[in-house]
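Sequence and predicted structure below; questions after.
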Amino acid sequence: MAATTADVLGIAMTAMWAVFAAVAAYYIAEVSREVTYVTLSDGRRQERSIPLLFKLLLPLCPNFFPLVGKKAFAPSVERARVLLVQAGFEGLLSGEEFVALKLMLLWVFPDVWLAGAVRARHLAIMKSLPFVMDVLTLSVEAGMDFISALQRNCKSRRMDPLNEELLRMTKEIQMGSSRQAALRAMSDRVRQPDLKSVAFALIQADELGVSIGAMLRIQSEQLRQRRFDRAEKLASTAPTKMLGPLMFCIFPAVFIILLGPVLSQAAKGALF
């Protein structure tokens, strides 16, 4: 009788674990198929990718809000909020949620992911900015006003990080903000060096009464020069970066190709 009861308990436990595993697998599959979005300033939704582990743990974040809301965590929450905005996740993840995720994941992984997201967005802005500045310069010099040139640029280009920020800036101006305030807000929000430089130059042009077209021309030329300097720097570091593959891959392969037949013949001679 005892053996029969033990068998029944074993079968029941196995069934419970099987049901738990099936439910967990179904939940993970459903969460992995969810698409996360942020809402742009014009109402459109833009897809944003966050790690699956974040999606799985986000429902648990409110349990940590009483702890995260304490004064000791205020700097971490504010820093997370600023970086999330820079990375383009504003409205999708809050600073409190991000710090809660850090507590559940032992602090390190979310920071590494967020730093990578910020770098990727800044790199995309840096690559797009010279072309956009050239288009704006030509449009303004052809007689179009700055805001109309921005709007036309936003409509004609695909939606990338720079276009998102320019679209938001134009919406803020349309809602009543001054051009200087909108430029300053974009600079503070994104904190990408090239974009900050352009925004600061345009703010100064407005304050000093300098022609916007002339300032755009100067900034466009400076951006092209910076891009050329960065390309030169990358080219100068290429030989150093190639040294590792040469030492550990190419040279051993050449050694094997050249000496392989000789060693093979020597081995055959030693055997016979």
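Looks like it arrived, so ask away.

Would you mind splitting the chain into its domains for me?
Following automatic domain parsing, the chain resolves into domains at 30-106, 124-228.

my guess is Leu67 meets Ser76, correct?
No: Leu67 lies out of contact with Ser76 (Cβ atoms under 8 Å); the separation is 11.5 Å. All C-beta atoms are positioned from the backbone trio N, CA, C, and that covers glycine.

more crowded one of these two?
Higher neighbour count among Leu67 and Ser76: Ser76, with 18 against 12, using other Cβ atoms under 10 Å.

show me the contacts for the more buried one.
With Cβ atoms under 8 Å, 6 or more residues apart in numbering as the criterion, the residues that contact Ser76 are 95, 99, 102.

list the contacts for the last one?
If a contact means Cβ under 8 Å, 6+ apart, then Lys102 has 76, 80, 110-111 as its contacts.

could the residues you listed go into TSV alongside distance to Gln46?
Output for those, formatted as TSV (distance: Cβ to Cβ, whole Å):
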residue	distance to Gln46
Ser76	27
Ala80	21
Pro110	21
Asp111	24
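
out of the residues you listed, which is most surrounded?
Most surrounded of the contacts of Lys102: other Cβ under 10 Å gives Ala80, at 25 neighbours.

Kindly confirm my reading that that one is in a helix.
Yes: judged by DSSP: H, G, I helix; E, B strand; the rest coil, Ala80 forms part of a helix.

just for the stretch 1-150 of the chain, where's the confidence low?
Within the stretch 1-150 of the chain, the stretches with pLDDT under 70 are 1-3, 6-7, 24, 26-27, 30-32, 35.

ok, which stretches of it are strands?
With DSSP state E, counting those that start in this stretch, the ranges of strands along the stretch 1-150 of the chain come out as 36-39, 45-48.

okay, these in TSV with distance to Phe228 and mean neighbour count next?
Formatted as TSV, these follow (distance: least, Cβ to Cβ, whole Å; neighbours: other Cβ atoms under 10 Å):
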stretch	distance to Phe228	mean neighbour count
strand 36-39	34	14
strand 45-48	31	12
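
Now for the closest residue to Leu103 other than its chain neighbours, how many residues are close by?
Counting by Cβ to Cβ, 6 or more residues apart in numbering, Phe64 is the residue found nearest to Leu103 once chain neighbours are left out, at 5.7 Å. Neighbourhood size, Phe64 [other Cβ under 10 Å]: 18.

Pull up the gap between Ala15 and Ala181, please.
Using Cβ to Cβ, to the nearest Å, we find Ala15 at a distance of 64 Å from Ala181.

These two: who's more crowded?
Neighbour comparison, Ala15 and Ala181: the larger count goes to Ala181, with 14 against 10 (by other Cβ under 10 Å).

residue contacts, the more buried one?
Here Ala181 is in contact with Glu172 (criterion: Cβ under 8 Å, 6+ apart).

helix/strand/coil for it?
Ala181 is classified as helix under three-state DSSP.

What does the pLDDT read for it?
In the predicted model, Ala181 carries a pLDDT score of 93.

And for the one 5 residues further on?
According to the model's per-residue confidence, Met186 sits at a pLDDT of 93.

Please apply the same query to the one 4 residues further on.
Reported pLDDT at Val190 in the predicted model: 93.

What distance do you get for the nearest residue to it once chain neighbours are set aside to Ile218?
Take Val190 and drop its neighbours on the chain: the residue closest to it by Cβ to Cβ, 6+ apart is Glu165, 5.7 Å away. Distance, Glu165 to Ile218, by Cβ to Cβ: 21 Å.

Tell me which of those two has more neighbours.
Between Glu165 and Ile218, counting by other Cβ under 10 Å, Glu165 is the more crowded of the two (22 against 14).
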